[in-house]
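Novice: Attaching a predicted model along with its sequence, questions to come.
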Amino acid sequence: MATRFGGRFSPDMPDRDGRRAPSPPRLHRLASRPKWVTIAATPFLLGAFFQGPLDMVTDLAAFGVIAAAMWMTREGLAAEAAYDARRVARRPAIPRKLFGGVLTGLGLGLGAAEPGAALGAGAIGIAGLALHWLAFGADPMRDKGMEGVDDFQQSRAARMIEEGEAHLAQMQDTVAQLRDRQLQARVAMFAATVQDLFDRVRENPGDLSAARRYMGVYLVGARDATAKFAALYRRTEDPGTRAAYETFLDDLEKDFSARSDRLLEGDRSDLEIEIAVLRDRLAREGVRPRTDSETGPEPATPRAVTSQDARTLDDLLTPDRDPAKTRR
């Protein structure tokens, strides 16, 4: 029976500390469609060289516009996949799929353009725009999971996360130049741990102050240390240097993971406080009965006045008082 190969740096395999390698980026389910649309537009490119100068320029322009539209659409699908993968996300700043649809209609209209047939070319362009919308859908147009979040704080967090992701990208690019798959996988695991911290801050921008040092100073230090290690290891290939760098990544990764866990525990504590306050309010308003652990013994309920012999106001207001004794 065949046995699947797996090791420390194999995808979806735990390493020596029980951690898993980072999962590959999530692709949109329609990510392959733009390629086929571009291939379908190749007749414009191939047939352009068998026509007159004006028709050749028109067909080349049609193919170029459609290719650009599919590139824009592919970027829009990638942005939508990232939007769907996150619990808290802003809508894409640029509606790439919308622009891709407009360019698709323009390209088809150019390809169908003929003297005296402008109306027909325009109809084909509009049909191409509609078909693009049916094939790829619309861009996300609303923010997700950001109800009640301070826009200023959210903008600060997004800016810090963007800078941190740039530092991570520089680290990965530097290690990729060494052409060492194990080191590349190790840095990718560290990047995945840092992304967990980024996700915590995305979901709760109020945690930015507690994570600012990790997202700024520590990542800049890791980037600079990676550049120095790569320059030294490229010349010497010293195993001791490599082991020291991996130990450095291990320690830094533990710090980032611990910070993420502390932020999560803080969120859990805030949730428990909110639940306790809500329960207390409901109990005071009589919507929810208090439990024995929440309250002490119930106060004695005064006995209702049932005697028909009460004749004075004092008798009515003092139910424990015996009216017969009062008359005596």
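Specialist: All right, it came through fine.

Novice: Now do Ala231, the pLDDT please.
Specialist: pLDDT, Ala231: 91.

Novice: Could you do Met72 as well?
Specialist: Looking at Met72, the pLDDT reads 95.

Novice: got a list of what it touches?
Specialist: Contact analysis of Met72 by CB atoms under 8 Å, 6 or more residues apart in numbering lists Arg96, Lys97, Phe99, Gly100, Leu103. Just so you know, the C-beta spots here come from the backbone N, C-alpha and C atoms, and that holds for glycine as well.

Novice: nearest spatial neighbour of it, skipping sequence neighbours?
Specialist: Among residues not flanking Met72 along the chain, Gly100 sits closest, at 3.9 Å (CB to CB, 6 or more residues apart in numbering).

Novice: so what's that neighbour up against?
Specialist: Here Gly100 is in contact with Ala69, Met70, Trp71, Met72, Thr73, Gly76, His132, Phe136 (criterion: CB under 8 Å, 6+ apart).

Novice: ok, the spatially most central residue of the chain to Ala79 distance?
Specialist: Nearest to the mean C-alpha position of the chain, counting by CA atoms, centre = their mean, stands Arg86 at 2.5 Å. With distances taken as CB to CB, to the nearest Å, Arg86 is found 11 Å from Ala79.

Novice: returning to what we had before: in ChimeraX, select just the buried ones from the contacts of Gly100.
Specialist: Filtering the contacts of Gly100 down to the buried ones (16 or more other CB atoms under 10 Å) takes a single ChimeraX command:
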select :69,70,72,73,76,132,136
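
Novice: quick check, nearest of the contacts of Gly100 to Leu183?
Specialist: Closest approach to Leu183 among these (CB to CB): Trp71, at 31.9 Å.

Novice: So for whichever strand or helix holds the closest one, what gets flagged as buried?
Specialist: Secondary structure from DSSP states H and E places Trp71 in helix 53-85. Using 16+ other CB under 10 Å as the test for burial, helix 53-85 gives 58-59, 61-70, 72-81, 83.

Novice: Give me the below-cutoff pLDDT ranges for this structure.
Specialist: Flagging of the chain using pLDDT under 70 yields the residue ranges 1-26, 145-152, 264-274, 276-278, 281-282, 286-328.

Novice: let's see 80
Specialist: 1-27, 85-90, 115-117, 143-155, 202-211, 261-328 (pLDDT under 80).

Novice: All the helices of it, residue numbers only.
Specialist: With helices called from DSSP state H, the chain shows them at 33-40, 42-47, 53-85, 96-111, 118-136, 151-176, 181-203, 208-213, 219-236, 239-284, 313-317, 323-327.

Novice: got a list of what the spatially closest residue to Glu114 that is not a sequence neighbour touches?
Specialist: For Glu114, ignoring the flanking residues on the chain, the nearest one in space by CB to CB, 6+ apart is Ala121 at 7.2 Å. Applying CB under 8 Å, 6+ apart to Ala121 gives the contacts Gly109, Leu110, Ala112, Ala113, Glu114.

Novice: ok, so of those residues, who is nearest Asp280?
Specialist: Using CB to CB, these come closest to Asp280 at Gly109, 65.7 Å.

Novice: quick one, what contacts the residue nearest to the closest one when sequence neighbours are not counted?
Specialist: Spatially, and ignoring its direct neighbours in sequence, Gly109 is nearest to Gly125 (3.2 Å; CB to CB, 6+ apart). Residues in contact with Gly125, defined by CB under 8 Å, 6+ apart, are Gly105, Leu106, Leu108, Gly109, Ala112.

Novice: repeat that for 6 Å
Specialist: Gly125 is in contact with Gly105, Leu108, Gly109, counting by CB atoms under 6 Å, 6 or more residues apart in numbering.

Novice: Could you say which of the helices of the chain is packed most deeply?
Specialist: For these, the largest average neighbour count (mean count of other CB atoms under 10 Å) is found in helix 96-111, namely a mean of 23.
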